[in-house]
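Enquirer: with the sequence up front, the predicted model follows.
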Amino acid sequence: MAAKDYKYTKTHEWIGLEPDKTGKIGITQYAQSHLGDIVFVDLSPEGTTVQQFQKIGELESVKAVSEFYAPAGGQILKVNSAVQEDPKIVNQDCYGAGWFASLALGDPSQLDKLMTSDEYDAYIASLNEKKH
């Protein structure tokens with residue numbers, strides 16, 4: 001299930017709007033469970049300006065290397081060094097301690113292009129139906 005207050009991309013990233021109007025970003029439960037054990041996280045450095053849906057990092061798991069995209073545009077304010085030092089945090093708590101970065105949002109209206117948690121849950125259900 002998706003975290004209720006977040007917005008989601010079809011490539012399985014989430015963004016949560018913080019009280020200071022920054023956005024905390026990470027990957028979804030669906031993504032981390034399909035990747036398997038994450039062994040390496042590489043993210044764009046703090047201070048980098050990114051566009052919505054731009055690649056900002058890579059995740060390496062025991063199964064594959066996967067790209068990570070910015071759910072919204074802005075400037076990367078902080079990178080979660082804990083997930084770089086101990087990538088398994090992403091598998092253990094992808095909506096909490098396993099976040100990747102925080103963004104100063106360039107245009108908060110970009111969040112309107114993303115799915116709500118209910119829409120994302122329906123999207124995941126449709127993906128699971130296609131597999132059967």
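Expert: Right, received. Where do you want to start?
Enquirer: surely residue 123 is in a helix?
Expert: Yes: assigned with DSSP: H, G, I helix; E, B strand; the rest coil, residue 123 falls within a helix.
Enquirer: so who does it touch?
Expert: Applying CB atoms under 8 Å, 6 or more residues apart in numbering to residue 123 gives the contacts 8, 10, 115. To be clear about C-beta, it is placed using only N, CA and C from the backbone, and glycine gets the same treatment.
Enquirer: I'd like the distance between it and residue 28.
Expert: 10 Å (CB to CB, to the nearest Å).
Enquirer: would you put the C-alpha positions of the helix-or-strand element of the chain with minimal mean pLDDT in PDB?
Expert: Scoring the helices and strands of the chain by mean pLDDT, DSSP states H and E places helix 117-131 at the bottom, with a mean of 89. Provided in PDB are the C-alpha atoms of helix 117-131 (Å, rounded to 0.1, in the frame of the first residue of the first chain):
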ATOM      1  CA  SER A 117      -2.000   7.100  -3.100                       C
ATOM      2  CA  ASP A 118      -5.400   5.700  -4.200                       C
ATOM      3  CA  GLU A 119      -4.600   6.200  -7.900                       C
ATOM      4  CA  TYR A 120      -1.100   4.600  -7.300                       C
ATOM      5  CA  ASP A 121      -2.700   1.600  -5.500                       C
ATOM      6  CA  ALA A 122      -5.100   1.200  -8.500                       C
ATOM      7  CA  TYR A 123      -2.100   1.500 -10.900                       C
ATOM      8  CA  ILE A 124      -0.200  -1.200  -9.000                       C
ATOM      9  CA  ALA A 125      -3.300  -3.500  -9.000                       C
ATOM     10  CA  SER A 126      -3.600  -3.100 -12.800                       C
ATOM     11  CA  LEU A 127       0.100  -4.000 -13.200                       C
ATOM     12  CA  ASN A 128      -0.400  -7.100 -11.000                       C
ATOM     13  CA  GLU A 129      -3.500  -8.100 -13.100                       C
ATOM     14  CA  LYS A 130      -1.400  -7.900 -16.300                       C
ATOM     15  CA  LYS A 131       1.000 -10.500 -14.900                       C
END
